[in-house]
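Peer 1: please work out how this folds:
(one chain, ligands or ions: 1)
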Amino acid sequence: MTNETILITGASDGIGAVYADRFARRGANLILVARRAAKLEALAAQLRGTGVVVEVIAADLSRADDLARIEARLRDDDAITGLINNAGIAGEQAFTETDPAYLTGLITLNIMAVTRLSRAVAPRFAEKGAGTLINITSVTALMPDGFTAVYPASKAYVLAFTEALQVELGGKGVKVQAVLPGITRTAIWTAEQIATMPDAMVMDVGVMVDAALAGLDMGEAITIPALPERGDFDAYMAARAALRPNLSLKAAAARYRV
Ligand SMILES: NC(=O)c1ccc[n+]([C@@H]2O[C@H](COP(=O)([O-])OP(=O)(O)OC[C@H]3O[C@@H](n4cnc5c(N)ncnc54)[C@H](OP(=O)(O)O)[C@@H]3O)[C@@H](O)[C@H]2O)c1
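Peer 2: Below you'll find the model as predicted:
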């Protein structure tokens, strides 16, 4: 990947930092984005030891001015061949108790930034007929009733959005992948939260990212690192596809006719 430059959001910690490590080992140059400049610089110094070029940009992607800076870079820098939309937050309480301002911040980062950064880079990738776009969603996208209200909905957005981009950009030679991690051992969880979870349900972050990259290398559009049987997901998608011919018809279903 010596001619590649990958921009990774949320690269200062957790999943994003491991992606940075793995892409550096593949020989890709990196642009690391997150709020904590010191953490980004420390990671960059370590990764430069592998011989790749690593640039750090401190930015809060929930702020319009910072987001606009990263958008401009993605739009204008022809060297950038990959974008990993990884930055995201969870941390909401019960819906009735969560500060509305926190929910705005979550939606802005988890949805708005992913959409705007993808939009910034997609025209260049489409025109070139090349490029890699990886969007980190979550298994909660598939179980909106199993967690909190807004985080899973934000991840369902990212999944639906990525599936649509696969149709529009995939045909033009752009690799588009949605990654759905289950519970992954990172700082998104408090130590107390992790301690209450069955160990068998918690994946180490290196294992998660290596599996996601194996999925990317296999050309998967949607990768669920923990799911043992790929066929189970294919059956789910086939059941969803079977609804399609009947989802928009002139007549209302017989049960709704009054
Ligand atoms: N861990 C899991 O169990 C799990 C499961 C499914 C999906 N995911 C998804 O995986 C992604 C990465 O999460 P993680 O587990 O690696 O969490 P993490 O360890 O908390 O890392 C989150 C990263 O996002 C950055 N970030 C947070 N707010 C930001 C902002 N406003 N602007 C720019 N960067 C920001 C953080 O850096 P700064 O604080 O320096 O800005 C950090 O680098 C998220 O999208 C998350 O929803 C995680």
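Peer 1: centre-most residue in the protein?
Peer 2: Central residue of the chain (CA atoms, centre = their mean): residue 136, 1.7 Å from the mean position.
Peer 1: report pLDDT for that residue.
Peer 2: Model confidence at residue 136, expressed as pLDDT, equals 99.
Peer 1: who's in contact with it?
Peer 2: 15, 84-86, 88, 158, 179, 181 (CB atoms under 8 Å, 6 or more residues apart in numbering). To be clear about C-beta, it is placed using only N, CA and C from the backbone, and glycine gets the same treatment.
Peer 1: mind doing that once more with 7 Å?
Peer 2: If a contact means CB atoms under 7 Å, 6 or more residues apart in numbering, then residue 136 has 15, 85-86, 88, 179 as its contacts.
Peer 1: do the same with residue 130
Peer 2: Residue 130 is in contact with 81, 173-174, counting by CB under 7 Å, 6+ apart.
Peer 1: how about 6 Å then?
Peer 2: residue 173 (CB atoms under 6 Å, 6 or more residues apart in numbering).
Peer 1: check residue 211 too.
Peer 2: So residue 211 contacts residue 225 (CB under 6 Å, 6+ apart).
Peer 1: 10 Å instead, please
Peer 2: By CB atoms under 10 Å, 6 or more residues apart in numbering, the contact set of residue 211 is 179, 181, 203, 223-227.
Peer 1: out of the contacts of residue 136, which are inside helices?
Peer 2: Of the contacts of residue 136, the ones assigned to helices by DSSP state H are residue 15.
Peer 1: mind giving me the PyMOL select for the contacts of residue 211, buried ones only?
Peer 2: To isolate the buried members of the contacts of residue 211 in PyMOL, using 16 or more other CB atoms under 10 Å:
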select buried, resi 179+181+203+223+224+225+227
